[in-house]
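**Student:** give me the fold of what follows.
(2 chains)
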Amino acid sequence: MTGLIFILFAGMAIGCAVSVVVQRHPLYGAMSLVGVFISLAGLYVTLAAPFIAAVQVIVYAGAIMVLVVFVIMLLNVEQEERRRTRLPFLVGAAVALAGVLFAEAAFMIYFVQASPATPRDNVSDVGQTFSIGTGLFTSYLLPFEITSLLLLMAIVGAMTLARTGGLLSARAGVVPGAQVLAPDVLDSEPAAGAQPIVTNTTDEAACVLGIDGVRRSADND
Amino acid sequence: MNPQLSWYLALSAVLFTIGAAGVLIKRNVISMFMCIELMLNAVNLTFVAFSSFFADVTGQLFVFIVMTVAAAEAAVGLGIIITVFRNRESLNVDEANILKL
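**Tutor:** This is a model prediction of the structure:
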């Protein structure tokens, strides 16, 4: 039974992986990659690792692939055009070398003795969230903290990369204790020779500025 | 028949090979990025298989950390891709060659 489930998920994973490479449009490739991730999550469940399976679906198939699909949609990626094969005589050599590699792998699988290790029975708590949390916060606390630093670096790096221009635009001025404003907004000095006019109501100001008061009130309706 | 450890290792090797071939074949930088994710997942499968068959939780902890690194890589990598696209109006890796002598 477990063997059948393995074959099902392994076939799905390999098929979707081949589809990732063969598809010419990146969006179809991304969808196939989601299939690979979900079948791998199924394999993790058969390996008695439910926490990793859940994280695989949530983080990989959820978060990362949504990000990738988002970028594909945002950049409006077009289909990859078919290229003319350069150095066509190398195709035969590549096929021959792949055959050699496959023969080597088959030789090893056939002659090397199979590992005697068998999966423990289901009472083992290795894959449970409890044991993973215990290991993560006791013996592997330093890698955990380094990972958090890495995530912080990734956040800052992604923000720096994705924004236009530098961290602050050159035209921006900073008022201490206030928000960032462009200098022409900050510039409170009147233009040469202009006199400031004091108005008390909005209508007066509109009249001075030459805005049509009637149309403005019609717009408000 | 219960699956052996070697079955999982063979599947992982196949997935890794497909991913590596994809990185070499593809010209679109987003497709290459997805093939790299495929290779990371193949290695994760090896980790989980060993962890399960030897009843040691360390492998699954490493998978957890690899997933975190992959998320960070996705964020920074896609930021780089957007910047390259903004500057060169193309996602073809052959056209991003200003570092070439």
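**Student:** neighbours of residue A:109, how many?
**Tutor:** Neighbours of residue A:109 under the rule other C-beta atoms under 10 Å in any protein chain shown: 12. Glycine gets a C-beta too; all of them are placed from N, C-alpha and C.
**Student:** quick check: domain ranges of chain A?
**Tutor:** For chain A, automatic domain parsing gives the domain ranges A:1-77, A:128-163.
**Student:** helices along chain A, start to end?
**Tutor:** Using DSSP state H, the helices of chain A run over residues A:2-22, A:26-46, A:50-55, A:65-75, A:89-111, A:129-137, A:141-162, A:183-186, A:202-209, A:213-220.
**Student:** what does chain B give?
**Tutor:** Using DSSP H, helices in chain B cover B:5-25, B:29-53, B:58-88.
**Student:** now for the first one, which elements pack on it?
**Tutor:** The helices and strands touching helix B:5-25, judged by 3 or more C-beta pairs under 8 Å, 6 or more residues apart in numbering or on different chains; DSSP states H and E, are helix A:2-22, helix A:26-46, helix A:89-111, helix B:29-53.
**Student:** now do the contacts for residue A:32.
**Tutor:** Residues near residue A:32 by C-beta atoms under 8 Å, 6 or more residues apart in numbering or on different chains: A:16-17, A:19-20, A:23.
**Student:** ok, those vs chain B, which is closest?
**Tutor:** Here the nearest of the contacts of residue A:32 to chain B, counting by C-beta to the nearest C-beta, is residue A:17; it sits at 4.4 Å.
**Student:** wait, that closest one sits on residue B:13?
**Tutor:** No - the pair residue A:17 / residue B:13 is not scored as a contact, 11.9 Å apart, by C-beta atoms under 8 Å.
**Student:** between these two, tell me which one has more neighbours.
**Tutor:** The neighbour count for residue A:17 versus residue B:13, taken as other C-beta under 10 Å, is higher for residue A:17 (29 against 14).
**Student:** how about that one: what's its closest non-neighbour residue?
**Tutor:** Computed as C-beta to C-beta, 6 or more residues apart in numbering or on different chains, the closest residue to residue A:17 that is not its neighbour in sequence is residue B:18, at 4.4 Å.
**Student:** so who does the one you found touch?
**Tutor:** Residue B:18 makes contact with A:14, A:17-18, A:20-21, B:35, B:38, according to C-beta under 8 Å, 6+ apart.
**Student:** ok, now residue A:54?
**Tutor:** By C-beta under 8 Å, 6+ apart, residue A:54 lies in contact with residue A:41.
**Student:** out of the helices of chain B, deepest packed?
**Tutor:** Ranked by mean neighbour count, the helices of chain B are led by helix B:29-53 with a mean of 22 (mean count of other C-beta atoms under 10 Å in any protein chain shown).
**Student:** is chain A contacted by it?
**Tutor:** Yes - Helix B:29-53 lies within reach of chain A by C-beta under 8 Å from any C-beta of the partner chain, at B:30-31, B:33-35, B:37-38, B:41, B:44-45, B:48-49, B:51-53.
**Student:** can you give me the angle that helix makes with helix A:26-46?
**Tutor:** Computed by axes from the mean of the first three to the mean of the last three C-alpha atoms, to 10 degrees, the angle separating helix B:29-53 from helix A:26-46 equals 0 degrees.
**Student:** and helix B:29-53, what does it pack onto?
**Tutor:** Against helix B:29-53 (3+ C-beta pairs under 8 Å, 6+ apart) you get helix A:2-22, helix A:26-46, helix A:65-75, helix B:5-25, helix B:58-88.
**Student:** columns distance to residue A:95 on top of the ones you listed, output as CSV?
**Tutor:** Below are those laid out as CSV (distance: least, C-beta to C-beta, whole Å):
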stretch, distance to residue A:95
helix A:2-22, 16
helix A:26-46, 24
helix A:65-75, 32
helix B:5-25, 13
helix B:58-88, 32
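**Student:** could you dump those to a markdown table with distance to residue A:102 and mean pLDDT?
**Tutor:** Converted to a markdown table, the helices and strands packed on helix B:29-53 look like this (distance: least, C-beta to C-beta, whole Å; pLDDT from 0 to 100):
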| stretch | distance to residue A:102 | mean pLDDT |
| --- | --- | --- |
| helix A:2-22 | 15 | 93 |
| helix A:26-46 | 22 | 94 |
| helix A:65-75 | 31 | 91 |
| helix B:5-25 | 10 | 91 |
| helix B:58-88 | 28 | 89 |
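**Student:** among those helices, which is nearest residue A:148?
**Tutor:** helix B:58-88 (8.5 Å; C-beta to C-beta).
**Student:** tilt between that closest one and helix A:129-137?
**Tutor:** With the same axes, to 10 degrees as the basis, helix B:58-88 and helix A:129-137 are set at 70 degrees to each other.
**Student:** tell me who's in contact with residue 41.
**Tutor:** Going with chain A. Going by C-beta under 8 Å, 6+ apart, residue A:41 touches A:53-54, A:56-57, A:61.
**Student:** actually, chain B is the one I wanted.
**Tutor:** Residues near residue B:41 by C-beta under 8 Å, 6+ apart: A:36-37, A:40, A:60, B:15.
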